[in-house]
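**Q** Sequence and predicted structure are below.
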Amino acid sequence: MVKILDIVIAGLLMGGIYALIAVGLSLQYGVARVLNIAHGEFIMLGAFISWSLYTIFGINPLVSLAICGPLVFIIGFILYRTLFTSLRNSSASPAAFEGNSMLASFGLLFIIQNVAILIWGADIKGYSYLAFSVSFGGAKFAANRLVTLGVAIIIGLVFYLFLARTRLGKAIRAAAQDPSAAGLMGVNINQVLALCFGFGALMAGLGGTLISISYQIQPTMGLEYTVIALIVIVLGGLGSIPGSFIGGFLLGLVGSIVTYIQPGLSLVAYYVIFMLLLVAKPTGILGK
Amino acid sequence: MGIVRVISKRSFVLGLSLLILILLATSPLYAPLYTVILLTSIFMYVIITVSWTMFSGPTGYISLASAAFFGVGIYTSAILGKALPLPLVICMGSLVSFCLALLVGALTLRLRGIYFVMFTFGLVELLLHFILWWEVNITGTTGRVVPTVSNTTVYYLMLIIFVILMLTAYLIKHSKYGLALQSIGQEEDAAAHTGVNVTMVKVMTFAISAFFMGAAGAIMATRWTYIDPRIAFNPLISFLPVLMAIFGGMGQLCGPIIGAAIFTYLEEFLITRFPYYYMLIFGIIMVVAILYMPDGLVGLIQKLWKRISERKHADT
C-alpha cells in the first residue's frame, strides 16, 4: 500500500511540471498556431536564469519565478511580433504558416541553445534548495519536489481563472476558436496572438525555474522537455488547456509506474503511448 | 528557335553532369586524401537531403524520421559488418530501412500536417532510447565497433549510391508517379478523386527515400569505426536535411545538392574551431532562409537571372 502511494505521489510530482510546460505549448500551438520546437529552450532559459540568480546573488528560486517569468515572456512576445508575424503575413495559408513557423522555431532552437552554451558553458549544473525530506503517509519525499508541485498547481489555477474570468482571457479563447472572426469582433488579433505566444514562453520559463529546483540542468536539456510537452498536448487533445493539465498528470503517473517496473524505459514508454495514440485517437482525451 | 534552345540546354546540362561525374569519379587519383574525405561527407548529406526532398518536397509532408532510417542503416552495418561482405551489408541496411519505412508509412501517412511531423520525430527518439535501454540492460555493452575499409572505397560507394539516387529522383520527378506526388501535395482529396492511389504512392516514395538514407548510413558506419545509439540516432540528422533543402531550394533537383554541399563545407570549416558558433550561425541562416528565401538559393538565383535577362530584352 505504501509502495502504491509512493508511486502515485512520485508521478504527481513529475506530472505537475509536465502539465505546466504542456499548457505553455498548448497556448502556443492551440491559439498562436506555432508548433514551437524551441519550447524546451525557454524552459532551459528559465532554469539557467534561476541558477545564476541563486548562485551569484543568492536569490530564492521562488522569488526568481517573478523575475524569470516576465523576462521570458518579453522574449516570447517580441519574437512573435517580429519573426512570426512577418511569417504569418508572408504565408499563403494557415497550413503554410504552421509549416513555416515550425521550421523557424527549429532555427530558434539552435540559436537559443548555443547562445546559452556560450554564456553558461555546456556542463551539467545544479544547486540545492530545500533538499530535505518530508514524511507523507509513510512515504518520504524531497521537500523541494512538494513545493514544485504546489507552485505548479497554483500557477495552473491562476492561469485557468485568468482565461475563464477576464476580458483578455475571453479574447484569447475567441482567437483560439476562429482568429478571423475574433478579429472582426474587435479583438486586436496580432496583439492577442503575440500575448499567447508570450504566455506560452512564460509557462515554459516558470517550468524551467521549478525544474532547476529539483533536477540537474544543462543547455541541451530543452528538446527532451519539448517532446514531453508535445506528447502531453496530444494526449490531452490539441488546444485544450484542461486537457493539457490532465495529460500532464497522466503522463507523470505512467512515467512513475514504468520507472518502478523497469527504470530506463520511461522515455520509451512515453513514445510508445504517443505513437499508439497518434495512430488510434489523434484527437486525444479532450479533443474535438 | 525555342525548341532548339530547349534541346541545346538539355544536352548542355547532360554534358555538364557527365563532366562533373567523371571529375568526381577520378578525384581520388589526383586530389589529396583530405578532399576525398570531405567529398564523402558532402555526398552523405547530399544523399540524405535529396532523398528527404524526394518525398517531403512535392507532398509537403515534413518528415523528421531521416535520423531513424540513417541510424537503422548504421546499426545494420554494425551488426552484420563482420558476417557479410560490404556490398551485401549495404543492401541489407537499405532494405531494413525500406521495410521500416513501409511499416511506419502504412501506419502514419493518413496523419496529416503536424501529427505526421510529431510521429516521425518520435520514431527517432523511440529507437534511440529503446536501443540504449537494450544495450545497457540486455547485452550489457554500449556501442559497437564496425570493421573499416579504406577511405577511397567509402568514397566510391557513396558516389555509386549518389548516382543511383539521382537517376531515381530524376525518373520519379519526370514520370506520372511524380505528377501524382505533386497532386497529393497540392490537394490530397482531389488527387484521390482523380484516381491516384494516394496511400500507395505516398508509402512507396517514403520507403524509397528511406532506402537511400539506410544505404548512406550503412556506408558511413564503416568510416566512423565506433558507433553507439547516440551517434547513430543523432536527432540533428533529422533537422539538417530540412535546413539544407530549404536553403538550397526544393523546386529543382540541384537545389538540395547545392544546399547540402554548402552546409557540409561550412560545417567542416567551422565545427572544429567554433562548434557553438557553427550551430548558432546554422540557426540564424535557417530563420533567415525561411523568412526571406521561400524558394531557396536556387529560386533566388533564378529570380535574379530572370530580372537580368528581362533588362537585356528591354535594352534591345
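**A** Good, I have the coordinates. Residues are numbered from 1 along each chain as shown, chains lettered A, B, ... in the order given.

**Q** Pull out the buried residues from the strand or helix carrying B:Val36.
**A** Element membership of B:Val36, judged by DSSP states H and E, is helix B:33-59. Judged by neighbour count using 16 or more other Cβ atoms under 10 Å in any protein chain shown, the buried positions of helix B:33-59 are B:36-59. Heads up, the C-betas are built off the backbone N, CA and C, glycines and all.

**Q** Tell me where chain B has strands.
**A** Shown for chain B, the strands assigned by DSSP state E span residues B:144-145, B:226-227.

**Q** mean pLDDT for the ones you listed: which is lowest?
**A** Out of the strands of chain B, strand B:144-145 stands lowest, with a mean of 82 (criterion: mean pLDDT).

**Q** just to revisit the earlier point, switch the strands of chain B over to JSON lines; also include mean neighbour count and distance to chain A.
**A** Below are those laid out as JSON lines (neighbours: other Cβ atoms under 10 Å in any protein chain shown; distance: least, Cβ to the nearest Cβ, whole Å):
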{"stretch": "strand B:144-145", "mean neighbour count": "16", "distance to chain A": "19"}
{"stretch": "strand B:226-227", "mean neighbour count": "16", "distance to chain A": "20"}
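
**Q** Return the list of helices and strands in contact with the helix holding B:Val36.
**A** helix B:2-30, helix B:66-80, helix B:151-173, helix B:176-186, helix B:198-224, helix B:236-248, helix B:254-270 (3 or more Cβ pairs under 8 Å, 6 or more residues apart in numbering or on different chains; DSSP states H and E).

**Q** what angle do that helix and helix B:236-248 make?
**A** Computed with axes from the mean of the first three to the mean of the last three Cα atoms, to 10 degrees, the direction of helix B:33-59 lies at 80 degrees from that of helix B:236-248.

**Q** quick check: angle from helix B:33-59 to helix B:254-270?
**A** Orientation check (the same axes, to 10 degrees): helix B:33-59 against helix B:254-270 gives 140 degrees.

**Q** where's helix B:33-59 relative to the chain centroid, distance-wise?
**A** Averaged C-alpha coordinates place helix B:33-59 at 5 Å from its chain's average position (Cα atoms, centre = their mean, to the nearest Å).

**Q** Go ahead and confirm B:Ala65 touches B:Val117.
**A** No. With contact defined as Cβ atoms under 8 Å, B:Ala65 does not count as touching B:Val117 (9.7 Å).

**Q** which of the two has more neighbours?
**A** Using other Cβ atoms under 10 Å in any protein chain shown as the criterion, B:Ala65 and B:Val117 rank with B:Ala65 on top: 31 against 23.

**Q** Could you look up the SS state of A:Phe141?
**A** Applying DSSP: H, G, I helix; E, B strand; the rest coil to A:Phe141 yields a three-state assignment of strand.

**Q** three-state assignment of the nearest residue to it once chain neighbours are set aside?
**A** When the adjacent residues along the chain are set aside, A:Phe141 lies closest to A:Val134, with 5.5 Å between them (Cβ to Cβ, 6 or more residues apart in numbering or on different chains). Using three-state DSSP, the three-state assignment for A:Val134 comes out as strand.

**Q** From what I see, B:Phe98 and B:Thr205 are in contact.
**A** No. Counting by Cβ under 8 Å, B:Thr205 is not a contact partner of B:Phe98; they are 11.6 Å apart.

**Q** More neighbours: which of the two?
**A** Of the pair B:Phe98 and B:Thr205, B:Thr205 is the one with more neighbours under other Cβ under 10 Å, namely 26 against 23.

**Q** What count of nearby residues applies to B:Ala215?
**A** 31.

**Q** typo on my end, it should be B:Asp295
**A** Counted with other Cβ under 10 Å, the neighbours of B:Asp295 add up to 17.

**Q** contacting residues around A:Gly247?
**A** Counting by Cβ atoms under 8 Å, 6 or more residues apart in numbering or on different chains, A:Gly247 touches A:18-19, A:22, A:231-237, A:284-285.

**Q** Redo those residues as CSV? Include pLDDT and distance to chain B.
**A** Output for the contacts of A:Gly247, formatted as CSV (pLDDT from 0 to 100; distance: Cβ to the nearest Cβ, whole Å):
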residue, pLDDT, distance to chain B
A:Tyr18, 92, 16
A:Ala19, 92, 19
A:Ala22, 93, 13
A:Ile231, 89, 8
A:Val232, 91, 12
A:Ile233, 88, 10
A:Val234, 86, 7
A:Leu235, 88, 12
A:Gly236, 86, 14
A:Gly237, 83, 12
A:Gly284, 76, 11
A:Ile285, 75, 16
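
**Q** what would those residues look like in CSV with distance to B:Gly296, neighbour count and secondary structure?
**A** Formatted as CSV, these follow (distance: Cβ to Cβ, whole Å; neighbours: other Cβ atoms under 10 Å in any protein chain shown; DSSP: H, G, I helix; E, B strand; the rest coil):
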residue, distance to B:Gly296, neighbour count, secondary structure
A:Tyr18, 38, 28, helix
A:Ala19, 40, 30, helix
A:Ala22, 34, 32, helix
A:Ile231, 32, 26, helix
A:Val232, 35, 30, helix
A:Ile233, 31, 31, helix
A:Val234, 31, 28, helix
A:Leu235, 36, 27, helix
A:Gly236, 37, 28, helix
A:Gly237, 36, 23, coil
A:Gly284, 36, 22, coil
A:Ile285, 40, 17, coil
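
**Q** Now these in JSON lines, please, with extra columns for distance to A:Gln191.
**A** As requested, those are exported to JSON lines (distance: Cβ to Cβ, whole Å):
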{"residue": "A:Tyr18", "distance to A:Gln191": "30"}
{"residue": "A:Ala19", "distance to A:Gln191": "27"}
{"residue": "A:Ala22", "distance to A:Gln191": "24"}
{"residue": "A:Ile231", "distance to A:Gln191": "31"}
{"residue": "A:Val232", "distance to A:Gln191": "28"}
{"residue": "A:Ile233", "distance to A:Gln191": "24"}
{"residue": "A:Val234", "distance to A:Gln191": "28"}
{"residue": "A:Leu235", "distance to A:Gln191": "31"}
{"residue": "A:Gly236", "distance to A:Gln191": "27"}
{"residue": "A:Gly237", "distance to A:Gln191": "26"}
{"residue": "A:Gly284", "distance to A:Gln191": "29"}
{"residue": "A:Ile285", "distance to A:Gln191": "31"}
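
**Q** Name the nearest of those residues relative to B:Phe69.
**A** A:Ile231 (22.0 Å; Cβ to Cβ).

**Q** any idea how far B:Val287 is from the closest residue to B:Cys254 other than its chain neighbours?
**A** In space, and not counting its chain neighbours, B:Cys254 is closest to B:Val298: 6.3 Å by Cβ to Cβ, 6+ apart. Remark: distance between B:Val298 and B:Val287 (Cβ to Cβ, to the nearest Å) = 19 Å.

**Q** So if I had to pick from these two, which one is more boxed in?
**A** Each of B:Val298 and B:Val287 has its neighbours counted (other Cβ under 10 Å); B:Val298 has more, 22 against 19.

**Q** Spit out the contact partners of A:Met185.
**A** When contacts are counted by Cβ under 8 Å, 6+ apart, A:Met185 is found next to A:Ala174.

**Q** ok, B:Val96 - how many residues close by?
**A** Other residues near B:Val96 come to 22 when the count uses other Cβ under 10 Å.

**Q** any idea how far the closest residue to it other than its chain neighbours is from chain A?
**A** The shortest distance from B:Val96 to any residue other than its chain neighbours is 5.0 Å, reached at B:Thr76 (Cβ to Cβ, 6+ apart). For B:Thr76, the distance to chain A equals 21 Å [Cβ to the nearest Cβ, to the nearest Å].

**Q** Just give me the neighbour total for B:Thr76.
**A** B:Thr76 sits with 24 neighbouring residues when counted by other Cβ under 10 Å.

**Q** A:Tyr225 too?
**A** The number of residues packed around A:Tyr225, counting by other Cβ under 10 Å, is 25.

**Q** my read is it is in a strand, agree?
**A** No. Counting by three-state DSSP, A:Tyr225 is not found in a strand; it is helix.

**Q** In this model A:Ile43 seems to touch it, though I could be wrong.
**A** Yes. With contact taken as Cβ under 8 Å, A:Tyr225 and A:Ile43 are classed as touching, separated by 5.0 Å.
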